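Colleague: no FASTA, just this:
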Ligand code: SF4
Ligand code: SF4
Ligand code: SF4
């Protein structure tokens, strides 16, 4: 299968010219209709859809059948969540109730995923009961599931019976030598198996499962954890293999290892990749494979839009009290989804036009520049610097604007006056923006303004409520005109 | 003859479904083995099933009270290294 380009590829590396102001429209055009249909409103797959639609996860699957060196098993599956997170375990019945309560309250919620806290397919009864019931009772919700792949081949038949439109497999390697450095053991045929032998079985099962899903017409996304010195050089090969088999997205996530998590990598001092290393790998692979850069490794019980988590509104005791008329909710959801679709379509058209305009203008010759953006969705700059939970990082260059990644902020201001040790948190936030030369938000306070300037990051509150790509483009042009982008900045790029 | 689950259990649920004797049950603060039901997998499997999937070193003891999965056997972290890292963390 020929793979269409979904995310903007850097023009310099792939020769793809689609990389200017949000080319989502064009990328989507390249996809076969059946896939485009499934992907274009998917908050995890479509960069602009994830500004409008939301996904949620329910934690119904506690057990796991393998061990990854970055997971301590006390927290949620580290393949699917940021390490160190613990979700509230739900029974299938509670999960169905919660999903329907959320869908009725947040009509933008279109995707329900099971991602943990262990491996969903190592808990087949709990996972499949949840899917079975949701397919029947809430047919307008798409279902997705993530797995380490060990039990995947046995699950494909059952998965194909439900509303499952995609499966995520975490594949960190296709070489057992490397696998043995990532997976210390697996539980297989009633035994614990270790070393290369274990890695080989896991890899074979992953690949077999991938092939079987593709044969059934189920979309497959592949996630990989980038572990410097272990599989970083190898992931381009992984990308090539999974692409040749028909996976339609390959998403590289950074290893997060802390000694206090008590994981092998954490305790042994294995480091994670820097922002630059991650971006370079994503660039190297995207000429080769589509990347999903807006993935934020959300938690196994996350609820909400873009980095937000409204899970607190749907705790068990609260959903017990809710009376949900799902038929009525479904009607309401349909109307809202149509309205969002209209808005999204017009925004896509607008972006495509802007991008044509930009291409028609004389080409600038500057170096690329990274900018951070604070947004809570709708594709506009609408968050106060101090309230941003995360920043979206964009790159502007003579080829246009492209989305690069998310970075979590250490929120320093909770909105009340008790900011405690606010100072140091603010400094940490500024540090997460390392490598960026501007930050666009709806407002920036006096104190962060100064800190940002000192760190070589230009605060900018002039584009509040404007579309992100346009604002980034405008700031880029200003910087170019002021001659700020002629040479490398002294400090910023080196450590970005 | 029975195995025992102790307080280091993290309640991951993995052991219960693989027990051929249905001897393991969810309890507070952690999973437990019904000693009357546990057969040590005799006649079903050559190895304890619970201890073959349990990810936590030391959480399951055999009838002699020894850890079936001693420190370092699952994570591959040498016990000295673990002690060192934990001491390091505590000193902060
Ligand atoms: S698959 Fe997930 S839950 Fe299982 S060991 Fe790996 S990271 Fe942990
Ligand atoms: S040793 Fe075997 S029978 Fe006993 S609790 Fe473990 S799995 Fe069950
Ligand atoms: S597998 Fe181990 S850690 Fe998990 S519930 Fe059983 S005894 Fe506890």
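Modeller: Cool, got the structure. Here the structure is a predicted model, which is why all the values come from computation and not from measurement. Ligands and ions are numbered 1, 2, ... in the order given.
Colleague: okay, CA-based contacts and neighbour counts for the rest of this
Modeller: OK.
Colleague: Now do stretch A:174-188: distance to the chain's middle.
Modeller: Using C-alpha atoms, centre = their mean, to the nearest Å, the mean C-alpha position of stretch A:174-188 is found 25 Å from that of the whole chain.
Colleague: any low-confidence regions in the chain?
Modeller: By default, I'm working from chain A. Counting by pLDDT under 70, the ranges of chain A that qualify are A:1-50, A:80-86, A:285-309, A:410-424, A:487-496.
Colleague: you looked at the wrong chain, it should be chain B
Modeller: Filtered on pLDDT under 70, chain B yields the residue ranges B:92.
Colleague: Around ligand 3, which positions in it sit nearby?
Modeller: If contacts are counted using C-alpha under 6 Å from any ligand atom, the residues of chain B sitting beside ligand 3 are B:5, B:9-15, B:31, B:54-56, B:59-60.
Colleague: want to throw these into CSV with neighbour count?
Modeller: Listed next are the residues of chain B next to ligand 3 as CSV, based on neighbours: other C-alpha atoms under 10 Å in any protein chain shown:
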residue, neighbour count
B:5, 20
B:9, 20
B:10, 18
B:11, 20
B:12, 22
B:13, 21
B:14, 22
B:15, 23
B:31, 20
B:54, 29
B:55, 28
B:56, 21
B:59, 19
B:60, 26
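Colleague: so which of those also contact ligand 1?
Modeller: When contact is defined as C-alpha under 6 Å from any ligand atom, the residues of chain B next to ligand 3 do not meet ligand 1 at all.
Colleague: Could you tell me which of those residues belong to helices?
Modeller: Residues of the residues of chain B next to ligand 3 located in helices (DSSP state H): residue B:15.
Colleague: restrict the residues of chain B next to ligand 3 to those near chain A?
Modeller: Of the entries in those, the ones placed beside chain A under the rule of C-alpha under 8 Å from any C-alpha of the partner chain are B:10, B:12, B:13, B:14, B:55.
Colleague: Give the buried residues for the longest helix along chain B.
Modeller: Residue-count comparison of every helix in chain B, with assignments taken from DSSP H, identifies helix B:79-90 as the longest. By neighbour count on 16 or more other C-alpha atoms under 10 Å in any protein chain shown, the buried set for helix B:79-90 is B:82, B:85.
Colleague: Kindly report the same for stretch A:154-165.
Modeller: Using 16+ other C-alpha under 10 Å as the test for burial, stretch A:154-165 gives A:155, A:156, A:159, A:162, A:163, A:164, A:165.
Colleague: Same check on stretch A:316-323?
Modeller: Of the residues in stretch A:316-323, those buried under the neighbour-count criterion (16+ other C-alpha under 10 Å) are residue A:319.
Colleague: dump the residue contacts of residue A:347.
Modeller: When the contact criterion is C-alpha atoms under 8 Å, 6 or more residues apart in numbering or on different chains, residue A:347 has no partners at all.
Colleague: before we move on, which element is it in?
Modeller: Assigned by DSSP states H and E, residue A:347 belongs to helix A:326-360.
Colleague: Just give me how far that helix sits from the chain centre.
Modeller: 21 Å.
Colleague: Up against ligand 1, what does chain A have?
Modeller: For chain A, the residues in contact with ligand 1 under the definition C-alpha under 6 Å from any ligand atom are A:64, A:66, A:67, A:68, A:71, A:73, A:77, A:78, A:79, A:118, A:119, A:148.
Colleague: quick one on the thing from earlier: among the ones next to chain A among the residues of chain B next to ligand 3, which one sits closest to residue B:42?
Modeller: If you rank those by distance to residue B:42 using C-alpha to C-alpha, residue B:14 comes first, at 19.8 Å.
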